[in-house]
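Asks: Sequence below, structure please.
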Amino acid sequence: MKRTGSADLPLHGGTVPPWLAERMKSLAGEITEALVLAFGPDEVLVRLSDPMWFQCFGAVLGMDWHSSGITTSVLYALKRAVNAHSREWGLAVCGGRGRFSRRTPEELAAYGGENGLDAAGLVRASRLCAKVDSAAVQDGFALYQHVFVVGRNGKWTVVQQGMNPAGKTARRYHWCSEGLRSFVEEPHAGVVGENRGPILNLTAQEAGKTRDICVALAREKPEKVVKEVAAVSRGRGGGSQLLLFGGEELVPAKASLPATPRDLALPAHHDVKAEDVDLKRLGAVLATAYGAGTRDFESLLLTPGLGEWTLQALALVGEVVYGTPGRFRDPARFSFAHGGKDGAPFPVPTKVYDESIRVLGTAIEESKLGYREKSDCIRRLHETAKAMEARCNPEADFDALLAHEWRNTRRWGGRTASGPA
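Replies: Numbers count the residues shown, from 1 in each chain. Purely as a prediction, here's the structure:
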């Protein structure tokens, strides 16, 4: 997967409270291990390179469904979870935000040395990704976060984010070594951020001549280059300007993106609205949890006392693990698994969250011993919801669902970043 689409994200501040940070770490680890066991570590890298899947992953973990803050919080949780099991899962997460991003080279060197990888090549790849998105793509966003996820086989994914404080927006960039042919021509697995119109994109295929000319200029004597630039800046260098840019116009940010249905534009409003959600798919999840009969799923899961609300959450967790790329176009729907830390669409139901972690963790541990009933059940929850979409066309009563969640929030241990709901 090379390019997977784009999304617009508003820039959000705030912090993740400790009670949620620890749960995010646990659930992120369980989901990652489930992916490793089901598909292998390479699939984790491919999923992380998909900006839409990443946003849905963050929403399931209880982060704000549309916020740029998902990037920092999810990657921090992922780093703590994955690196604690690095040898077992064959993955490592290096780098981070701010000063932690500057530690990426030494962390990559250490991991490469332990696993017989080309550490220098990994460090070079890390630096090139950062340089391309800060210099070759000049879009007004200053990078402040860089995370390099690498597998034991040397394959990798990079997720990095830039900020535009003036516009109160953030842009997330995704890279994946799978299928990467060049660092300087069409290299991104996806770019997430607000489309602010034409930019200078020296990685576009159409900018090939410009890149060649930049290299040629670098070989010229400095005084000659300075003279040409001075002429252009005074408005007398029409010919020189055509030479510098190859006679071409600047390439718009999305000019080279294929027209796919996976482009994602997330609104600025914080509340989850009915139009933000695929109500048919959400309805299928609810019908699976509530209408199919709790008793049948309890016997299958072998978990006495498991309620409909936990099945609702597990059905969405199962979709993050087993769903195909086309199912991640509406991240807001995944916030109905465990709510959001700021109360949108509803407070985080900590009791349901803990039950999800427990059931998924038990399923993984038992599957390692050859008992696959619970892990198969989570997959079947996802398959059942898909079947209901196709057969009975259920649709969620959005207002009634929100009222139900808020009515029961105290019962389910609802919390927000401000405290108990």
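
Asks: Now do the SS call for Trp406.
Replies: For Trp406, the assignment made with DSSP: H, G, I helix; E, B strand; the rest coil gives helix.

Asks: Leaving out chain neighbours, which residue sits closest to it?
Replies: Using C-beta to C-beta, 6 or more residues apart in numbering and skipping residues adjacent in sequence, the residue nearest Trp406 is Phe346, 5.6 Å away. Using the backbone N, CA and C atoms, a C-beta is placed for each residue, glycine as well.

Asks: same thing with Arg379?
Replies: Tyr322 (5.3 Å).

Asks: I'd assumed Thr384 was in contact with that neighbour.
Replies: No: using C-beta atoms under 8 Å, Tyr322 is not in contact with Thr384, being 11.6 Å away.

Asks: where does the stretch 51-200 of the chain have low pLDDT?
Replies: Residues of the stretch 51-200 of the chain that meet the criterion pLDDT under 70 lie in 135-139, 179-200.

Asks: Now do the strands in this protein.
Replies: 6-10, 91-97, 137-138, 142-151, 156-164, 169-176, 190-192, 200-201, 264-265, 348-349, 414-416, 419-420 (DSSP state E).

Asks: Would you list the strands that the fifth one pairs with, along with their directions?
Replies: Same thing as strand 156-164. In the sheet, strand 156-164 lines up against strand 142-151 (antiparallel), strand 169-176 (antiparallel) (DSSP bridges).

Asks: returning to that earlier point: can the strands of the chain go into TSV with extra columns for distance to Glu405?
Replies: Listed next are these as TSV, based on distance: least, C-beta to C-beta, whole Å:
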stretch	distance to Glu405
strand 6-10	24
strand 91-97	32
strand 137-138	41
strand 142-151	32
strand 156-164	30
strand 169-176	28
strand 190-192	28
strand 200-201	43
strand 264-265	24
strand 348-349	8
strand 414-416	8
strand 419-420	15
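
Asks: closest one to Ser67 among the ones you listed?
Replies: strand 6-10 (6.7 Å; C-beta to C-beta).

Asks: Show me which positions of stretch 13-26 end up buried.
Replies: Across stretch 13-26, burial judged by 16 or more other C-beta atoms under 10 Å covers 16, 20-21, 23-26.

Asks: now swap in stretch 140-156 and tell me
Replies: In stretch 140-156, counting by 16+ other C-beta under 10 Å, buried: 140-141, 143, 145-152, 155-156.

Asks: Identify the farthest-apart pair in those.
Replies: Gly140 and Arg152 (37.4 Å).

Asks: Please identify which of the buried residues of stretch 140-156 is nearest to Ser418.
Replies: So of the buried residues of stretch 140-156, ranked by how close each gets to Ser418 (C-beta to C-beta), first place is Gln145, at 25.6 Å.

Asks: Report the contact partners of the residue nearest to the spatial centre of the chain.
Replies: Taking C-alpha atoms, centre = their mean as the criterion, Phe54 is the residue nearest the geometric centre of the chain, at 2.0 Å. By C-beta atoms under 8 Å, 6 or more residues apart in numbering, the contact set of Phe54 is 47-48, 70-71, 74, 159, 172, 174, 192.

Asks: Also Ala315?
Replies: Ala315 makes contacts with 285, 288-289, 381-382, 384-385, as judged by C-beta under 8 Å, 6+ apart.

Asks: Please apply the same query to Leu117.
Replies: Leu117 neighbours (C-beta under 8 Å, 6+ apart): 111, 150, 152, 154.

Asks: wait, which of the residues you listed is closest to Leu122?
Replies: Val150 (6.2 Å).

Asks: Would you check that the closest one makes contact with Ala92?
Replies: Yes: counting by C-beta under 8 Å, Val150 does reach Ala92; the two are 5.5 Å apart.

Asks: okay, and the common contacts of the two?
Replies: Common neighbours of Val150 and Ala92 (C-beta under 8 Å, 6+ apart) are Tyr111.

Asks: Domain boundaries for this protein, per the record?
Replies: For the chain, the structural domains run 6-196, 211-244, 274-420, going by automatic domain parsing.

Asks: now for these, which one comes closest to Ala268?
Replies: Per C-beta to C-beta, nearest to Ala268 of the domains of the chain: domain 6-196, 4.9 Å.

Asks: For the nearest residue to Leu75 once chain neighbours are set aside, which residues count as its bridge partners?
Replies: Spatial nearest neighbour of Leu75, chain neighbours left out: Val147 (4.8 Å); criterion: C-beta to C-beta, 6+ apart. Listed beta-bridge partners, Val147: Gly95, Val159 (assigned using DSSP bridges).

Asks: Kindly report the same for the one 4 residues further on.
Replies: On the basis of DSSP bridges, Gly151 takes part in beta bridges with Leu91.

Asks: dump the residue contacts of the residue nearest to Trp406.
Replies: Applying C-beta under 8 Å, 6+ apart, we find Phe346 in contact with 339-340, 402, 405-406, 409, 414.

Asks: out of those residues, who has the most neighbours?
Replies: Ranked by neighbour count (other C-beta atoms under 10 Å), these have Gly339 at the top, with 29 neighbours.

Asks: Quickly note the distance from that one to Gln312.
Replies: Gly339 sits 11 Å away from Gln312, going by C-beta to C-beta, to the nearest Å.

Asks: okay, the contacts of Ala315 in CSV with distance to Asn115 and neighbour count next?
Replies: Putting these into CSV (distance: C-beta to C-beta, whole Å; neighbours: other C-beta atoms under 10 Å) gives the following:
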residue, distance to Asn115, neighbour count
Val285, 40, 29
Thr288, 41, 27
Ala289, 42, 23
Leu381, 36, 26
His382, 33, 22
Thr384, 40, 20
Ala385, 39, 26
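
Asks: returning to what we had before: could I get the contacting residues of the residue nearest to Arg379?
Replies: 38, 378-379, 382-383.

Asks: again with Thr416
Replies: 341-343, 347-348.

Asks: Recalculate using a threshold of 7 Å.
Replies: Neighbouring residues of Thr416 by C-beta atoms under 7 Å, 6 or more residues apart in numbering: 341-343, 347.

Asks: same check, this time on Val158
Replies: 126, 129, 147-148, 175.

Asks: JSON lines for the residues you listed, including distance to Glu355?
Replies: Shown next, in JSON lines, are those (distance: C-beta to C-beta, whole Å):
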{"residue": "Ser126", "distance to Glu355": "39"}
{"residue": "Cys129", "distance to Glu355": "39"}
{"residue": "Val147", "distance to Glu355": "30"}
{"residue": "Phe148", "distance to Glu355": "34"}
{"residue": "Trp175", "distance to Glu355": "36"}
